[in-house]
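Trainee: Got a predicted structure plus its sequence, pasted below:
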Amino acid sequence: MVVCPDCLGAISGLSITGCPACGWERLDRDGIPDFLSSSDRDAALFSRYAENYDRIADDDLKESIQPAAYLDVQAERLYSYVGALQGRRVCEIGIGQGRLFEKMRRAGPARLTGVDISQAYLARFVASDGVDVLVANAENLPFHGEFDLIVSSDVLEHVLNVGDFLVSVRDALVDGGQFVVRVPYKEDVTQYARRNDCPYEFVHLRNFARDNLRDVLERAGFSVKRIGCDGFDAGRARGYISRTLLGRGLFYLAVVRPRGENGVARIDPRVGRLMMVPLEITAVAYKRS
């Protein structure tokens, strides 16, 4: 069911103008419903945070921040984790440029809902049949027991409060519902330091590996069934390759030159993991009853 982001009481749907119980009012952004809570709308920190991601979205849509070829490959790989979608109620949190969202839309789920903090990312899907999109805080989703599957790619590292995000996702799923979550893997977060010329105030706020991703999900009430690493870049060659000139040369001749820089992303993950430290880690988990 859809719930009010202020009082969490049940409301009649995403088209409602407000909550009759507490007085919260839904806003409209060019046809996209705004389901931010009153406290988020009033908070100075959240306003800075939302403005930061509006800026990132605008920049990303003008010119993709990550290589488009890499994003295409990663959307295909993430799609392979979700399983059959027919008859399922599906939500993607943080749709970004919409590559995965479009793939899922074409698969014909019973219902597809897209959530993002940035209106610009949602705009292209406003009039799509069988699709709902809304501006909402991922840490306070306006849903309870609504979805069979929630997918979240490259969001968990951004949120201000990890606990709020995970509880919100858990509450939005049915018992036994599936949560597919992707995050950066063993990333150097100093690249997001403003002293290192990062242009944005909020970017990646934390780092993940297998153990701590599994741990936070298990503690939040999920059973983790699968964890996989993928996402490959020639600049992440493993130490035994990059430490010597010979190793770097062979890596270039055998891997980089035949594929090109962007083509490295399409390498078989089993081979890629032997030669490169993956960029991303994906967990498939289920809500415990």
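Mentor: Nice, thanks for sending it over.

Trainee: Could you use CA atoms for every contact and neighbour count after this?
Mentor: OK.

Trainee: Quick one: residues contacting residue 147.
Mentor: The contact partners of residue 147, by Cα atoms under 8 Å, 6 or more residues apart in numbering, come to 88, 89, 90, 91, 172, 173, 174, 177.

Trainee: how much space between the last one and residue 284?
Mentor: To tie it back to what came earlier, the one meant is residue 177. Residue 177 sits 11 Å away from residue 284, going by Cα to Cα, to the nearest Å.

Trainee: Of the contacts of residue 147, which belong to helices?
Mentor: Members of the contacts of residue 147 lying in helices (criterion: DSSP state H): residue 172.

Trainee: Show only the entries of the contacts of residue 147 found in strands.
Mentor: 89, 90, 91, 173, 174, 177 (DSSP state E).

Trainee: ok, and the most crowded of the residues you listed?
Mentor: Neighbour counts for the ones in strands among the contacts of residue 147 (other Cα atoms under 10 Å) peak at residue 91, which has 28 neighbours.

Trainee: mind listing what that one touches?
Mentor: By Cα under 8 Å, 6+ apart, the contact set of residue 91 is 112, 113, 114, 115, 147, 149, 150, 151.

Trainee: just curious, which of the contacts of residue 147 is nearest to residue 194?
Mentor: Distance to residue 194 across the contacts of residue 147 (Cα to Cα) is lowest for residue 91, with 33.0 Å.

Trainee: Residue 229 contacts residue 284, doesn't it?
Mentor: No. If you go by Cα atoms under 8 Å, residue 229 and residue 284 don't touch, sitting 11.8 Å apart.

Trainee: could you pull out the strands for the stretch 51-200 of the chain?
Mentor: In the stretch 51-200 of the chain, the segments counted as strands under DSSP state E, counting those that start in this stretch are 89-93, 111-116, 131-135, 147-153, 173-184.

Trainee: For burial, what's the neighbour tally of residue 256?
Mentor: Residue 256: 17 neighbours (other Cα under 10 Å).

Trainee: Once you drop chain neighbours, what's closest to it?
Mentor: Leaving out its chain neighbours, the residue that sits closest to residue 256 by Cα to Cα, 6 or more residues apart in numbering is residue 264, at 6.3 Å.

Trainee: What's the separation between residue 39 and residue 120?
Mentor: Distance, residue 39 to residue 120, using Cα to Cα: 22 Å.

Trainee: between those two, who's got more neighbours?
Mentor: For the pair residue 39 and residue 120, the greater number of neighbours falls to residue 120 (17 against 11), based on other Cα under 10 Å.

Trainee: Enumerate every residue touching that one.
Mentor: Listed by Cα under 8 Å, 6+ apart, the contact partners of residue 120 are 54, 57, 58.

Trainee: of these, closest to residue 43?
Mentor: Taking Cα to Cα as the measure, residue 43 sits nearest to residue 54 out of the contacts of residue 120, at 16.4 Å.

Trainee: confidence score at that closest one?
Mentor: On pLDDT, residue 54 comes in at 97.

Trainee: Over to residue 124?
Mentor: Model confidence at residue 124 (pLDDT) stands at 91.

Trainee: okay, now it: neighbour count?
Mentor: Using other Cα under 10 Å, residue 124 is surrounded by 12 other residues.

Trainee: go on, residue 101?
Mentor: Using other Cα under 10 Å as the criterion, residue 101 is surrounded by 25 other residues.

Trainee: Against residue 76, how distant is it?
Mentor: With distances taken as Cα to Cα, residue 101 is found 11 Å from residue 76.

Trainee: Over to residue 260?
Mentor: Relative to residue 76, residue 260 is positioned 19 Å away (criterion: Cα to Cα).

Trainee: So which of the contacts of residue 120 is the closest to residue 106?
Mentor: Distance to residue 106 across the contacts of residue 120 (Cα to Cα) is lowest for residue 57, with 23.6 Å.

Trainee: The closest one: neighbour count?
Mentor: Burial of residue 57 is recorded as 21 neighbouring residues (other Cα under 10 Å).

Trainee: Relative to the whole chain's centre, how far out is the longest helix seen in the chain?
Mentor: With residue count as the measure and DSSP H as the assignment, the chain has helix 44-62 as its longest helix. From the chain centre to the centre of helix 44-62 is a distance of 15 Å (Cα atoms, centre = their mean, to the nearest Å).
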